[in-house]
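Asker: Below are the sequence and a predicted model; questions follow.
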Amino acid sequence: DRLQGTILSKRCERKGCALLLMDLDNFKEINDTLGHHNGDILLQEIGLRLLNLFQNTDTVARMGGDEFAVLLDEVDMENAVSAAGRILQAIEPPFVIEGLTLQVDASIGIAFCPEHGEDTDLLIQRAEVAMYMAKKFVDGYRIFDPEHDPYNTRRLVIISDLRRAIDNNQLSLYYQPKIDLKTGDVTGVEALARWQHPAYGFIPPDQFIPLAEQSGLIKPLTLWVLNEALRECRARSDEGIKIGVAVNISARNLQDVQLPAQIAELLDSWKVSPDLLELEITESTIMLNPEVSMDTLKHLNAMGIRLSVDDFGTGHSSLAYLKRLPINEIKIDKSFIKDICKDSNDTLIVQATIDLGHNLGLTVVAEGVENQDVYDRLAGLGCDIVQGYFISPPIPAAEFKKWFKARVTVY
Ligand code: C2E
Ligand code: CA
Ligand code: CA
């Protein structure tokens, strides 16, 4: 909170601040040999020494474990470095705990705002990087140096590898079924992107999709996903499994005027009827640029493609706006579904959302259904479609076909 507040006020004043993160070098040994109780006393003593060093305008905090932070208001590099020196000096005199004399060493990482980051997470992360460098080179303190930022390099490597992965077909799609709650029929599947990186192993979409969005790769990625999903839809159809496929669409895609034409071309080349394709667009994506979204959505809707509002309930859309959107479906976000049997507020929200959806003539889907109780409760509330681990996790195409055939024989 303090860090965020300081960053914001400095932004207005066009001034900076510095974050110093300090980690003790041998605290675990002290804890292990003298016990946690004495470890706690030592942490308290260190806290007091730090507090004595700084003024009221600065913040001294314990971040957790043996990590302390000092937030310095209005400093330049020289001041910050001298502060780090004073901290190291202050903890130099031995601590006396239960008659034992203890020597404590520490490493300090320094990051400046705005130079190294203008949001709290980034600033903390960068101070941490600097702190690990200080530890590694046993030199007391270090100022953040982008050269040493592993996150940065990994990020760049991942982006360039992702580009290659898209071009060379190294991504794959998993499919998760959607089930009609009344009939038990499989109404369709959601295609979810997967990436097995040759060096880093499995990278979850929650990590690489944001990178794709930031780096402009989301357009080729989405086209790859659409092509693969429609190819597989065609293949299923040829085997007599005529169900739709849902593809997730990002904000940048929605702002891309070429998207509708590109989709039309893909539908045509795989000979898939447009009503078998559904696009899932998160509520927050639509709200990011409502005007542009509306145009593209109208266009896609006119083509006969189904549209679904994903993560519904998390995006602050207004009812008046929702009513005007040419959508077919809302997917209630899994965070509301998870505790529906335990949390009465969640039950109320879900009930109200289902009624709202139905009043607007929309199909209502619940995602993140993980057990029988939740499934039954949703059936009782009149939900139309469910999706979740309870029915099936996302699985590869071949596995899905087996799953589908086995299920059809049972029902
Ligand atoms: P999403 O669209 O909300 O997808 C649902 C996520 O919930 C999937 O995670 C799925 O594996 C997970 N899930 C399914 N059933 C359950 C359940 O019962 N419990 C819980 N806790 N989770 C369940 P996944 O596959 O890791 O995807 C994460 C997100 O990444 C997706 O969220 C979507 O926003 C994004 N994403 C995935 N593939 C693509 C893609 O091809 N394009 C775009 N733009 N985004 C994608
Ligand atoms: Ca989705
Ligand atoms: Ca979702």
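Answerer: Looks like it arrived, so ask away. Ligands and ions are numbered 1, 2, ... in the order given.
Asker: so how far is stretch 50-57 from its chain's centroid?
Answerer: 36 Å (CA atoms, centre = their mean, to the nearest Å).
Asker: what ranges do the strands span in the stretch 201-350 of the chain?
Answerer: 201-203, 244-249, 277-282, 306-312, 329-332 (DSSP state E, counting those that start in this stretch).
Asker: Columns distance to ligand 1, mean pLDDT and mean neighbour count on top of these, output as CSV?
Answerer: Heads up, the C-betas are built off the backbone N, CA and C, glycines and all. CSV is the format used below for those (distance: least, CB to the nearest ligand atom, whole Å; pLDDT from 0 to 100; neighbours: other CB atoms under 10 Å):
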stretch, distance to ligand 1, mean pLDDT, mean neighbour count
strand 201-203, 10, 90, 12
strand 244-249, 4, 98, 22
strand 277-282, 6, 96, 23
strand 306-312, 5, 95, 23
strand 329-332, 7, 96, 25
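Asker: Indicate which one of these is closest to residue 70.
Answerer: Nearest to residue 70 among the strands of the stretch 201-350 of the chain is strand 201-203; the distance by CB to CB comes to 35.2 Å.
Asker: so which of the strands of the stretch 201-350 of the chain gets nearest residue 144?
Answerer: Nearest to residue 144, of the strands of the stretch 201-350 of the chain and by CB to CB, is strand 201-203 at 25.5 Å.
Asker: so what's the backbone phi/psi at residue 172?
Answerer: Backbone geometry at residue 172, expressed as degrees, to the nearest 10, gives phi -140, psi 170.
Asker: If it is in a bridge, with which residues?
Answerer: residue 194 (DSSP bridges).
Asker: same question, the one 5 residues further on
Answerer: When bridges are taken as DSSP bridges, the partners of residue 177 come out as residue 189.
Asker: shouldn't it be in contact with residue 389?
Answerer: No. Using CB atoms under 8 Å, residue 177 is not in contact with residue 389, being 11.3 Å away.
Asker: With neighbour numbers in mind, choose between those two.
Answerer: Neighbours per residue, other CB atoms under 10 Å: of residue 177 and residue 389, the larger number sits with residue 177, 21 against 12.
Asker: thought residue 67 was touching residue 27?
Answerer: No. At 9.4 Å, residue 67 does not count as touching residue 27 under the criterion of CB under 8 Å.
Asker: Poorly predicted segments of the chain, please.
Answerer: 147-148, 150-152, 318-319, 409-411 (pLDDT under 70).
Asker: for ligand 1, what are the nearby residues on it?
Answerer: For the chain, the contact set with ligand 1 under CB under 6 Å from any ligand atom comprises 176, 192-193, 204-206, 209, 225, 248-250, 280, 310-311, 334, 367-370, 388-389, 394.
Asker: How much space separates residue 235 from residue 215?
Answerer: 31 Å (CB to CB, to the nearest Å).
Asker: and what of residue 110?
Answerer: 29 Å.
Asker: next one: residue 408
Answerer: Residue 408 is 42 Å from residue 215, by CB to CB.
Asker: Which of these two has more residues huddled nearby?
Answerer: Neighbour tally, residue 408 and residue 215, criterion other CB under 10 Å: the higher count belongs to residue 215, 16 against 12.
Asker: What ranges does the stretch 1-150 of the chain have for its helices?
Answerer: 2-13, 27-34, 36-53, 77-90, 120-136, 150-167 (DSSP state H, counting those that start in this stretch).
Asker: tell me the angle of the first one relative to helix 120-136?
Answerer: Between helix 2-13 and helix 120-136, the angle formed by their directions is 110 degrees, by axes from the mean of the first three to the mean of the last three CA atoms, to 10 degrees.
Asker: by contact count, what packs against helix 2-13?
Answerer: Applying 3 or more CB pairs under 8 Å, 6 or more residues apart in numbering; DSSP states H and E, one finds that helix 2-13 contacts strand 17-24, strand 59-64, strand 67-73, strand 106-113, helix 120-136.
Asker: out of those, which comes closest to ligand 2?
Answerer: Closest to ligand 2 of the helices and strands packed on helix 2-13 is helix 120-136 (CB to the ion; 25.1 Å).
Asker: now for the closest one, which elements pack on it?
Answerer: Counting by 3+ CB pairs under 8 Å, 6+ apart, helix 120-136 packs on helix 2-13, strand 17-24, strand 106-113, strand 141-143, helix 150-167.
Asker: Name the residues that touch the last one?
Answerer: Outside of helix 150-167, the residues within contact range by CB atoms under 8 Å, 6 or more residues apart in numbering are 125, 129, 146, 170-171, 195, 197-198, 200, 203, 208, 211-212, 215, 217, 220-221, 224.
Asker: Show me what counts as buried in that helix.
Answerer: For helix 150-167, the neighbour count (16 or more other CB atoms under 10 Å) marks 158-159, 161-163, 165-166 as buried.
Asker: what's the closest of these to ligand 3?
Answerer: For the buried residues of helix 150-167, the nearest to ligand 3 is residue 162 (21.8 Å; CB to the ion).
Asker: ok, back up a step: make CSV from the helices of the stretch 1-150 of the chain and add distance to ligand 2 to it.
Answerer: Below are the helices of the stretch 1-150 of the chain laid out as CSV (distance: least, CB to the ion, whole Å):
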stretch, distance to ligand 2
helix 2-13, 31
helix 27-34, 43
helix 36-53, 45
helix 77-90, 45
helix 120-136, 25
helix 150-167, 20
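Asker: For the protein, give the helix that spans the most residues.
Answerer: If you go by DSSP state H, the chain has its longest helix at helix 218-238.
Asker: From the rest of the structure, what touches that helix?
Answerer: Residues outside helix 218-238 that contact it (CB under 8 Å, 6+ apart) are 162-163, 166-167, 171-173, 175, 191, 193, 209, 212, 242-245, 247-250, 252-253, 256, 262-263, 266-267, 270-272, 276-277, 397, 401.
Asker: Separate out the buried members of these.
Answerer: Counted by 16+ other CB under 10 Å, those give 162-163, 166, 171, 173, 175, 191, 193, 209, 212, 243-245, 247-250, 252-253, 256, 262-263, 266-267, 270, 272, 276-277, 397, 401 as buried.
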